[in-house]
Structures are given as structure tokens and as C-alpha cells.
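Q: here is my input; please provide its structure:
(2 chains)
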Number of protein chains: 2
Amino acid sequence: MTVHISFSGDYSKLITPETTQKITTISEQMNARTSAGAEFLGWKNWPSEIDSELVARLQQTAEKIQKQADVLVVIGIGGSYLGAKAVLEALRQPFKTNEKVEIIFAGHLVSGAYLKNLMNYLDSKEVAVNVISKSGKTTEPAIAFRFLQDYMEKRYGAEAAERIYVTTDAEKGALLDVAKEKEYARFVVPDDIGGRYSVFTSVGLLPIAAAGYSIQNLLAGAKRAEEELAEVSLETNPAIQYAVIRNHLYASGYPVEISAIFEERLKFIQEWWKQLFGESEGKEGKGIFPASVVYSTDLHSLGQYVQDGKRMLFETFLKVASVEEDITMQLADNDSDELNYLAGKTLHEVNDAVQQATAEAHLSGGVPLVTLEIPDFSEDTLGYLLYFYMISCAYSAYLLEINPFDQPGVEEYKVNMFRLLNKPGF
Amino acid sequence: MTVHISFSGDYSKLITPETTQKITTISEQMNARTSAGAEFLGWKNWPSEIDSELVARLQQTAEKIQKQADVLVVIGIGGSYLGAKAVLEALRQPFKTNEKVEIIFAGHLVSGAYLKNLMNYLDSKEVAVNVISKSGKTTEPAIAFRFLQDYMEKRYGAEAAERIYVTTDAEKGALLDVAKEKEYARFVVPDDIGGRYSVFTSVGLLPIAAAGYSIQNLLAGAKRAEEELAEVSLETNPAIQYAVIRNHLYASGYPVEISAIFEERLKFIQEWWKQLFGESEGKEGKGIFPASVVYSTDLHSLGQYVQDGKRMLFETFLKVASVEEDITMQLADNDSDELNYLAGKTLHEVNDAVQQATAEAHLSGGVPLVTLEIPDFSEDTLGYLLYFYMISCAYSAYLLEINPFDQPGVEEYKVNMFRLLNKPGF
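A: Modelled structure (predicted):
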């Protein structure tokens, strides 16, 4: 297993006949496509079933983008933004620009200054655009695409069509119509995969491939996860264990889960995780509220609250066993900073001590701890980890008797907004 | 008042004789320096009492740094990191590099890759260093300074002493000893101001001034806040109102406060706010847990949870009335994206509709709403806002009968860490 899980409580007590029965039923119903929201279970076997021709076409398109552009502007919001963003940030080493194309996101916010200054920035670069929207009508990305399509056409004329890539519905929608009319290259958002489960589709893969990372390895990791985590076992399947532990803690008076990382580059994995779990479970007045901290930075901030504040939190550490680059502490002639006792240790070893020290401190403060450990920052590992979270989230939401695949609450602000802006029909 | 507050509930009901008495007592005890932790109330009159010679010296030093360096590496963690970071990020316009010197933070995390790659990056730049630590022994910044001091001395020889600036205790400590020995320029971390309240001291001001922003205007805003928010009035003082509302909501079953912004550049104002309130109030099993979202990005993520999840959340919007730069929606010949109804509107106007729509939606979902509105992103406004938060936080913690100025829980992981790393004496 690429994800190792441990729990500060007595996990064996959670393996009850009742829970085993629940998990078995959930698994059977998911496989039979009879569970709630089952029409959106397309992500479940996607890594093993993805068309190799699609992967080859994504790779070819990525290479075309690398040749034609310095910058790829990726327009999307929610699941059309966070999957690629999370993987790209996790693969990026600090102060390095490994990417073959600079990836800049747009359409994930409403800001005139952002779009205006982005277009100024683009003036000195060669540019391509990947617009990602199932319907083409989501306000934030639609606004960004209206400006950027205009920018591309004014700048590149007819060649703009060679530089705009559309990821949208296969059959219908405003963006599909535009793509057909303008003859943009098209990729499909599958009907049976919701936004927050879409990172392994063209939605996530095209930006990741364009940056020069291996989508083959990402998918290989996801496929291994799909196979290994299909086993219906409370004893050995870490995805099921994570779901069972979370539900146990939620029922025991811990409605807030804090994801803690010790490597800053995992920050958007946390943001993606917050969408995945928050949007899947936060319904009907239920669900764990997902929050995040970056340690040791936040040990000097929210750490005080975690240690001593209101007891309603549990923590989930996401640890990385090894790092690609490191430095070693040296002896100093003058030990005025009193760090000579660290001489010979790498900073990763010091960081490990921070993790262990924090675990012990927060446990003694009454914060239950789940630890997820991955071996490294490779594409393969990240593919495994993201699939792990997705399958675990499905189990977790079903244990809570929530449909993991809808998001009824996201519509409410939209309807209000359309009315306030006098959109025809609202 | 530069900060306007509004509340979705009936605020007039919160003005009771009992609460008025409590607030009056807190104010009197703070002024008499008899409240809990009063030895750390130095920040309270700091904006009006700051020595103009200190401000002039900070400005001169900033100009020296601007002449000698392309990059200023600022080494600090917690309050020695978040204040300057928050102000710098809020003043930075997207895709623009307004700074006269690039500010890069270090020592806020333990990462060999970060330090190693940072030093590689610095090789092609002219460099100065500002190390900020009261004691000089906090592990994370001490490690970073050990590497960067060595880097500076190897690279610049004797001239390194002209490029290293130390902000530390006035009288004692490991860092002070080094600074004296090496004859580094020194600035003082006052004894009576804790890290999270230190943004208006040299701790925050030197990096902000070095970047080229007006610390005079920042302090002018803070001073106006100090004067206006000194009034002991539940009817007219927004800082007291924010404290009273928060405590009312906490006591009414809302232990999680979500700060929501609609401009991404305020993200580190949120991080600073999380430290300020989380570290001040999260003690003795009490306190509101501070979380944050960036809208509209997170309306397509945590928005679902906020709308429909477990009812324990209240939201505090931080709104900005006007923006420096904007663009206006145009009519398109082909209205396939159905956005022509927005033609003539600026994106800031659309963003305002998002805010109002979200407020209505979340209120109808059972999420109480506090709104704080500031006029713009100027230094003056930010100075006012940060002081507003500090004085409000003091009232809020005292209402909860918590000392706002200590952080006993931050020590626990440190003691464990020293033991695990075999530090002599642990």
C-alpha cells in the first residue's frame, strides 16, 4: 500500500459486525451502481478503464502546447481548478521552475485587476488557453474566457483557434457549441464524474501534462490504488479505515478535522481535500468541517488553539517519508544559537522530530490523531493518494448516509446572484 | 471609522447592562494595566507613542537595503513572519512587482529543499538578510539563520555585516550577542509586545519599508484606530461590537468562525487574523476556532458545507469597498455564454453581487453573518484594520475570561522536540 494509516485510538474496537456489515453493503451497492448518486460513480474504475488513445492524445496535445506557448492559462473553478493545481504544486520544488510551460489559473475568482494584469503579463509571452467547464455557463470561468478569448483573437487572429483547448461536455452546452464553431481542439468532461472527482480525466490531465509531468505515472498510481483499495476489508484497507475512523470521531464529538502537513508544497492537496470531503459530506446539517494547517509554520499560530482550545478537533497528519533534496546541519565554532546538538542531522530528520513532537503534544492535549504516510512526492504516489482520498470519501459519506456526489447547496448563491444581477429569467 | 461593521442578528439586544459593565471593566483594567497579561499591553498605545526617530531610522535602513540588495530574506516565524507577510501580500497587485526589493521569507518552516534552493536562487541576486527573533533560540528561524549567515559570510566576507539586520531583544539573548559581536545593525523587539501584536514595531515595519511601502501611512492608520477605538461604547465602537458579537455567537452554539474574503490578496490578512485570535483565545478548553475561505473560489468547494453542513459556523466577511483597477464587461456579438446581461458592469460590481448573494444564501442556511468593510487596500487602511483586530481581540479574549497575551500551549511541542532531538538538558 502506498498510503500507510495509523490512528492514536484503539482501531480494533471499531471493527464491529455492524460496521463491517455497513461497509460491505456500501461496497456492494457501489459495485451494483445502486447507491445514492451512483450515476456519478464513473471515477471509480476510471484509472483502469481510461482509453489509452485518450492518454496518447493528451500527451500529444501537451507537447504541442509546450512548442507553441510559454504560458498555458487554465480557466476553471472548483473541481476544474483544484485537481491540477494540487498536483502541480505538490510536484513543484521550492524556487525551481521545472515546468515546461508556466501554468496560470484564471476564472477561479472574480477580479478585474487579476484579469487585466494577467493580460498585460501575457503580452510578452507566447500563450495558449485551456478552458474547462462542463456547461460553459458557470459565471466565474465564463467571464474569464470571454476576456481571454477576445484577447487571443485580437492577438493571434485565425491562429487563436490553434491555441485554445476546450474541456467540456461531449454532447451539449454553450462551450461545446463555441468549440465546434471555432474548431477548437476538444476534450471531454465525462457525464458520470463530478468536478471534485475529475482530476484523472482530461480536466486534470491536460494542464499536468502540459507542464511536463508524467500523467502516465500519475494514472499508474491511481490504477494501483483502484486495485488495492477495492478489497472490502476493515483490517487491511486504509481507505476504509480512514472512513471508519473519521465517522467514529465525528460521532464521538469531534466535528472538525484539521489536515496537517509538514511540507508547504502539499498546501493545495489540502485545498483539494477540503473540497472533496467538505462538498461531499457537508449536507443535511451533517458532516465533518475540514480545516488545514501547515506545520511547523502554524505551530506558532493555530498550534496554541489545537493544543488548548475547545475540544472538538481531531488531526490528520499527511507525512512524506522521504524528500528529494536536503541539507545537513553543521557544527559551528560559536554555538551561540545552541544548535550544535543538531550537527549531522538533516533538516528532514529535524522535521520528523517536529512531527513526532507535535503528535505527542496534541495527543496529550486531547486531540485524536490519524496519520497518513506516503513515500515521496512522485506522480505515481500522488495518483495513488488522490484516488485513496476519493474512495475513502465515498465510504465516509455513505457511512454518514449522505450522497457523496451532489452539491445542492452550491446552487443557492448562484440563484441569488443571477437575481441581483438581473439575469433574464431570475 | 475606517472599519464598518454590520451583523445579521439584532445587535441592539446584545447591549445589556451586564455586557456594558464587563466592557467598561475590561477597558478600565487595560488602561490601569491591571488586566491579565497586562505586562504585554505595549502594543495598545504604540501607534501614538512610537518614537519618530525610530521611524526615520527604519526608513533610512530600508533605503540602504533598496540600494544594496535585490532580495531581502526575512527570517522569522509566527508573529515575526505573519505581520509583514500579511501587509505585503495585501498591498501587492496581481501579476505586478511593485516592490523595490523582493521580500522572501525563511525560517517559518523546516525544509532542506527550501533553504538549499533559496541559496541557489540568491546566487544571481544581491542579497540582504533581516533576522527577527526575540531570543535567537527559536529552532526554525535559528536553523535558517545559521545557514544564511554562513552563506552571506562566504559570499560577501566582511561586507556581510553591512547586509545583515537583526531585530531582537534590547538587552539580552543569543541573537543580540551575535549582533553585537559582528556589529550588525540592530532593531528592538519590545519586551511588552508579544509576537502576534508586533506588526507595528520594527518586526513588521522594516520588511514593509524595505519593499517600498509607506510605513508612515501604515502607522497613521493605526494611530487613528488607536484614537477612535479607545471610546468605551457598545453603540459606536466597531471593535467592541465585533468582540461582543463573537462572544454572543460562541455562547449560542457557534464555535467556528469562518473569515471570508472576496479578494485573494487578503489571504495572509486571514492567516495573521487566525494567529491573532486563535493564539489569543484558544486556551483552557475554550475559544472560537478560526478558519478561512476565499470566495468566490471556495463557493465551489467549502461553500457546500457552509450552506448545508453541521450548523456550528458563523461567517465574517471582510469586504473592500473600492479597487484600484478594474475592467468592464462588454457586449458580445454571439451571446453563447449568456453573459451579455452583464454588459456595462465592472467585475467589482459582479463581485459585489457575489458577496450579497452569498450573504443571503448562507443566512438562509442558518449561518449568522458579521460584515467588516474597509474602503480600500491602502497602507493607511491596513494599519487601521490590523489595529482594529488587535484591540477587538483583547476585548474578545477578556470577555471569555482568557489572558489574550500568553501562549502556554506553544511550548509543549517544543519540549517534546528537544527531547526527541537529544538537546542537552531535555
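Q: could you use CA atoms for every contact and neighbour count after this?
A: Noted.
Q: identify the residues contacting stretch A:65-75?
A: The contact list for stretch A:65-75, computed with C-alpha atoms under 8 Å, 6 or more residues apart in numbering or on different chains, reads A:81, A:100-108, A:122, A:125-132, A:141, A:144-145, A:163, A:207, A:210-211.
Q: go on, stretch A:108-124?
A: Residues outside stretch A:108-124 that contact it (C-alpha under 8 Å, 6+ apart): A:71, A:75-78, A:81, A:106, A:140-141, A:144, A:147-148, A:151, B:93-96, B:263, B:295-297, B:324-328, B:346-348, B:350-351.
Q: for the residue most central in space within chain A, give me phi and psi.
A: In chain A, the C-alpha nearest the mean C-alpha coordinate belongs to residue A:272, at 3.0 Å (C-alpha atoms, centre = their mean). Reported as degrees, to the nearest 10, the phi and psi values for residue A:272 are phi -60, psi -40.
Q: what's the nearest residue to it if we skip its chain neighbours?
A: residue A:82 (5.4 Å; C-alpha to C-alpha, 6 or more residues apart in numbering or on different chains).
Q: now the residue in the stretch 1-150 of chain A that chain B sits nearest to: closest residue in space, sequence neighbours ignored.
A: Nearest residue of the stretch 1-150 of chain A to chain B (C-alpha to the nearest C-alpha) works out as residue A:112 at 4.2 Å. Nearest non-adjacent residue to residue A:112, counting by C-alpha to C-alpha, 6+ apart: residue B:326, 4.2 Å away.
Q: isn't that neighbour up against residue B:345?
A: No. With contact defined as C-alpha atoms under 8 Å, residue B:326 does not reach residue B:345; the gap is 10.3 Å.
Q: more neighbours: which of the two?
A: Using other C-alpha atoms under 10 Å in any protein chain shown as the criterion, residue B:326 and residue B:345 rank with residue B:326 on top: 17 against 14.
Q: how close does the residue nearest to residue A:272 sit to residue A:355?
A: 26 Å (C-alpha to C-alpha, to the nearest Å).
Q: residues contacting the closest residue in space to residue A:9 that isn't next to it in sequence?
A: Nearest residue to residue A:9, sequence neighbours excluded (C-alpha to C-alpha, 6+ apart): residue A:368, at 7.1 Å. Applying C-alpha under 8 Å, 6+ apart, one finds that residue A:368 lies in contact with A:7, A:8, A:9, A:313, A:314, A:315, A:362.
Q: so which of these are in helices?
A: residue A:362 (DSSP state H).
Q: as a markdown table, the contacts of residue A:368 with pLDDT would be great.
A: Output for these, formatted as a markdown table (pLDDT from 0 to 100):
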| residue | pLDDT |
| --- | --- |
| A:7 | 98 |
| A:8 | 98 |
| A:9 | 97 |
| A:313 | 98 |
| A:314 | 98 |
| A:315 | 98 |
| A:362 | 96 |
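Q: count the residues that sit near residue A:227.
A: As a burial measure, residue A:227 scores 12 neighbours (other C-alpha under 10 Å).
Q: name the helix or strand for it, please.
A: Per DSSP states H and E, residue A:227 falls inside helix A:215-228.
Q: and that helix, what's buried?
A: By neighbour count with 16 or more other C-alpha atoms under 10 Å in any protein chain shown, helix A:215-228 contains the buried residues A:215-226, A:228.
Q: where do the strands sit along the stretch 51-200 of chain A?
A: In the stretch 51-200 of chain A, the segments counted as strands under DSSP state E, counting those that start in this stretch are A:71-75, A:102-106, A:127-132, A:164-168, A:185-188.
Q: after whichever helix in chain A runs longest, next one along is what?
A: Longest helix in chain A by number of residues (criterion: DSSP H): helix A:379-399. Using DSSP H and E, the helix or strand that directly follows helix A:379-399 along the chain is helix A:410-420.
Q: which other helices and strands does that following helix contact?
A: Helices and strands touching helix A:410-420, as assessed by 3 or more C-alpha pairs under 8 Å, 6 or more residues apart in numbering or on different chains; DSSP states H and E, comprise helix B:303-308, helix B:347-364.
Q: quick check: angle from it to helix B:347-364?
A: Put simply, helix A:410-420 runs at 130 degrees to helix B:347-364, going by axes from the mean of the first three to the mean of the last three C-alpha atoms, to 10 degrees.
Q: helix A:410-420: how far from the chain's middle?
A: How far helix A:410-420 lies from its chain's middle: 26 Å, per C-alpha atoms, centre = their mean, to the nearest Å.
Q: same thing with stretch A:280-290?
A: 18 Å.
Q: that one near chain B at all?
A: Yes. Legend: contact between stretch A:280-290 and chain B by C-alpha under 8 Å from any C-alpha of the partner chain is shown at A:281, A:282, A:283, A:284, A:285, A:286, A:287, A:288, A:289.
Q: residues of that stretch that come out buried?
A: Residues of stretch A:280-290 classed as buried: A:280, A:281, A:282, A:283, A:285, A:286, A:287, A:288, A:289, A:290 (neighbour count, 16+ other C-alpha under 10 Å).
Q: what of stretch A:233-240?
A: By 16+ other C-alpha under 10 Å, the buried positions in stretch A:233-240 come out as A:233, A:234, A:237, A:238, A:239, A:240.
Q: list the contacts for the fourth one?
A: Shown here is residue A:238, whose contacts under the criterion C-alpha under 8 Å, 6+ apart are A:3, A:4, A:5, A:229.
Q: my guess is the first one contacts residue A:380. True?
A: In this case it means residue A:3. No. With contact defined as C-alpha under 8 Å, residue A:3 does not reach residue A:380; the gap is 11.7 Å.
Q: what is the burial count for the closest residue to residue A:40 other than its chain neighbours?
A: Distance criterion C-alpha to C-alpha, 6+ apart; nearest residue to residue A:40, sequence neighbours excluded, is residue A:192 at 4.2 Å. Residue A:192 has 16 neighbouring residues, counting by other C-alpha under 10 Å.
Q: how close does residue A:192 get to chain B?
A: From residue A:192 across to chain B, the span is 19 Å (C-alpha to the nearest C-alpha, to the nearest Å).
Q: surely that residue touches residue A:43?
A: Yes. When contacts are counted by C-alpha under 8 Å, residue A:192 is listed as touching residue A:43 (7.5 Å).
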